[in-house]
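Trainee: after the sequence you'll find the predicted model.
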Amino acid sequence: FDQQENIDAQEERPRVGSTGLSQFKKELGWRVPIGTRQFLQVEQIHNWKDANENIPVNELAVDFAWKWVPNEFGNAFDSQSETFQSYPDDVQKSATSWGVRMNTETSMRSRAYLHRVADKWELRLIQWSVGRGNPR
């Protein structure tokens, strides 16, 4: 069981209303993982004392850096890989302009919100697209 995959799935899954499953739309096709996120470092921690942020007293906002690590299938989408570099220039250009690629050389910035519950901190939400566009 991978807790992060569960969080990602909950974030991406359409919400089911109180009227039942009739509001749930089925997606056509499949989801194929092309890589994983590798944690790099915590960059900053914000709390309620930070005047530039609107953080409740019982929460923390943690800014962190991570990067993509492609799997075997995802290697074809990594703009730094030999496979991607072997594609014709027009294919590389199309992949770049349509966002169908990942760059393992660049670190991404995200923010995690932690909520205090009794004597421990629990993850409430991760905003993957903080800063440089949407890294999904």
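Mentor: Thanks, I have it. Numbering: from 1, shown residues only.

Trainee: A strand includes Ala76, no?
Mentor: No: assigned with DSSP: H, G, I helix; E, B strand; the rest coil, Ala76 falls outside any strand and is helix.

Trainee: in the protein, where is pLDDT below threshold?
Mentor: 1-27, 100-101, 131-136 (pLDDT under 70).

Trainee: so where do the helices sit in it?
Mentor: Counting by DSSP state H, the chain has helices at residues 3-12, 82-85, 89-98.

Trainee: so what's the closest residue in space to Trp68 that isn't next to it in sequence up against?
Mentor: Using C-beta to C-beta, 6 or more residues apart in numbering and skipping residues adjacent in sequence, the residue nearest Trp68 is Met102, 4.5 Å away. No exception for glycine: its C-beta is placed from N, CA and C like everyone else's. By C-beta atoms under 8 Å, 6 or more residues apart in numbering, Met102 lies in contact with 34-35, 68, 70, 74, 77-79.

Trainee: please name the bridge partners of Met102.
Mentor: Asp78 (DSSP bridges).

Trainee: try the one 10 residues further on
Mentor: Per DSSP bridges, residues listed as beta-bridge partners of Ala112: Val62, Ile126.

Trainee: touching, it and Glu59? I think so.
Mentor: No: at 10.6 Å, Ala112 does not count as touching Glu59 under the criterion of C-beta atoms under 8 Å.

Trainee: who has more neighbours out of the two?
Mentor: Per other C-beta atoms under 10 Å, whichever of Ala112 and Glu59 has more neighbours is Ala112, with 20 against 17.

Trainee: against Gln92, how distant is the more buried one?
Mentor: Here Ala112 is placed at a distance of 33 Å from Gln92 (C-beta to C-beta, to the nearest Å).

Trainee: now do Glu122
Mentor: 42 Å.

Trainee: of these two, who's got more company?
Mentor: Higher neighbour count among Glu122 and Gln92: Gln92, with 15 against 10, using other C-beta under 10 Å.
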